[in-house]
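J.: Make a model of this:
(one chain, ligands or ions: 1)
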Amino acid sequence: MRLDVVSIFPEYLAPLELSLIGKARTDGLLDLHVHGLRDYTSDRHRTVDDTPYGGGAGMVMKAEPWALALGDIAAQVPARRPTLIVPSPAGEVFNQKLAYELAEEEHLVFACGRYEGIDERVLEWAAEQFTVRPVSLGDYVLNGGEVAVLAMVEAIGRLIPGVVGNPESLIEESHSDGLLEYPVYTKPSTWRGRDIPEVLLSGNHGKIAKFRREHQLRRTAARRPDLIAALDVSHFSKTERNV
Ligand SMILES: Nc1cc(-c2ccc3ccn(Cc4ccccc4)c3c2)n[nH]1
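T.: Predicted structure coming up:
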């Protein structure tokens, strides 16, 4: 997968050189390029923003540098129609389902806005050669798109085959089956007077699976009842429907 990120703070994306995503890049599983938007300006001050039409506080990102940057990227990779992800408070909310969907794409481009956002005409112009998707990280306000891109690239990148060492770990984690994950424990079995659930020492894999499933259901019901409501009844066994 090819990924391009455009930002006025390219150094903000440095964490993507670390850990699993960094290794995936050196292994050639992810082809990630970060671009500085100011490289697509032509004035002495490398201007990327201006005052908003209609008035109001703050500044808006000018369209031309974005069109030059995105046009350059699209020309570099004559792939199938790239998907342009535009982090925005006004976007569809990112979740594991969208992460899986985007992990299937050949080429993702991320446009990190700042200030009060990007001139809307950029998204209209980009729709000619990109599939444009405004995406929110959640219902809270950030100062720009970079943090959202770090989160999305990690969530998407780890789903690419070969990035995560043991693909089985992708199956049991939170949200992969619509439920939150069960509690996990490791040595020592007694820690500061606290024991782990005895069943986990039993070696009885059926009982352990049952314990874990029950705790997924309890944890999800307690912390995220909205996820329970969203699940189809076929997701639950007959006994679980009465939990
Ligand atoms: N989930 C989520 C995403 C964002 C986000 C994404 C990109 C940008 C670019 C500028 N801002 C600042 C901003 C704050 C409020 C209203 C308009 C712009 C951004 C915020 N906030 N929260």
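J.: list the buried ones in the one helix or strand in the chain whose mean pLDDT sits lowest?
T.: None of the helices or strands of the chain scores lower by mean pLDDT, DSSP states H and E than helix 225-230, at a mean of 90. For helix 225-230, the neighbour count (16 or more other Cβ atoms under 10 Å) marks Ile228 as buried. Heads up, the C-betas are built off the backbone N, CA and C, glycines and all.
J.: Output that helix in CSV with nothing but the alpha carbons.
T.: Taking Å, rounded to 0.1, in the frame of the first residue of the first chain, the C-alpha atoms of helix 225-230 are listed here in CSV:
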residue,chain,number,x,y,z
PRO,A,225,-24.0,-0.4,25.7
ASP,A,226,-24.2,1.3,22.2
LEU,A,227,-22.1,-1.5,20.8
ILE,A,228,-24.4,-4.2,22.3
ALA,A,229,-27.4,-2.5,20.8
ALA,A,230,-25.7,-2.4,17.4
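J.: Contacts for that helix next, please.
T.: Under the contact criterion Cβ atoms under 8 Å, 6 or more residues apart in numbering, helix 225-230 has outside partners His175, Gly178, Leu179, Leu180, Leu217, Thr220, Ala221.
J.: want to try TSV for the residues you listed, with neighbour count and pLDDT as columns?
T.: Shown next, in TSV, are the contacts of helix 225-230 (neighbours: other Cβ atoms under 10 Å; pLDDT from 0 to 100):
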residue	neighbour count	pLDDT
His175	16	73
Gly178	16	88
Leu179	22	94
Leu180	21	95
Leu217	19	96
Thr220	20	97
Ala221	14	97
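J.: So which of these is the closest to the ligand?
T.: Of all these, His175 has the smallest distance to the ligand: 17.4 Å, by Cβ to the nearest ligand atom.
J.: So that closest one sits against Gln96, correct?
T.: Yes. Counting by Cβ atoms under 8 Å, His175 does reach Gln96; the two are 4.1 Å apart.
J.: Next one: the residue most central in space within the chain relative to Arg218, how far apart?
T.: When Cα atoms, centre = their mean is applied to the chain, the residue found nearest the centroid is Met152 (1.8 Å). Distance from Met152 to Arg218, counting by Cβ to Cβ, to the nearest Å: 30 Å.
J.: repeat for Val163
T.: 31 Å.
J.: who has more neighbours, these two?
T.: Just comparing Val163 and Arg218: by other Cβ atoms under 10 Å the higher neighbour count belongs to Val163, 22 against 15.
J.: Which element, helix or strand, includes Pro134?
T.: If you go by DSSP states H and E, Pro134 is part of strand 131-136.
J.: so, in contact with the ligand or not, that strand?
T.: Yes. Strand 131-136 is in contact with the ligand by Cβ under 6 Å from any ligand atom, via Ser136.
J.: Buried by neighbour count: which residues of stretch 28-40 qualify?
T.: Buried-residue list, stretch 28-40, by 16+ other Cβ under 10 Å: Leu29, Leu30, Leu32, Val34, His35, Gly36, Leu37, Arg38, Tyr40.
J.: What residues of the longest strand seen in the chain count as buried?
T.: Using DSSP state E to define each element, the chain has its longest strand at strand 83-93. Residues of strand 83-93 classed as buried: Thr83, Leu84, Ile85, Val86, Pro87, Ser88, Gly91 (neighbour count, 16+ other Cβ under 10 Å).
J.: circling back: which elements pack onto the very next helix or strand once past the strand holding Pro134?
T.: As assigned by DSSP H and E, the chain's next helix or strand after strand 131-136 is helix 146-157. With contacts defined as 3 or more Cβ pairs under 8 Å, 6 or more residues apart in numbering; DSSP states H and E, the secondary structure elements packing on helix 146-157 are strand 2-7, helix 19-26, strand 83-93, helix 96-103, strand 107-111, strand 131-136.
J.: residues in contact with Thr220?
T.: By Cβ under 8 Å, 6+ apart, the neighbours of Thr220 are Leu179, Leu180, Leu227, Ile228.
J.: Nothing else from me, thank you.
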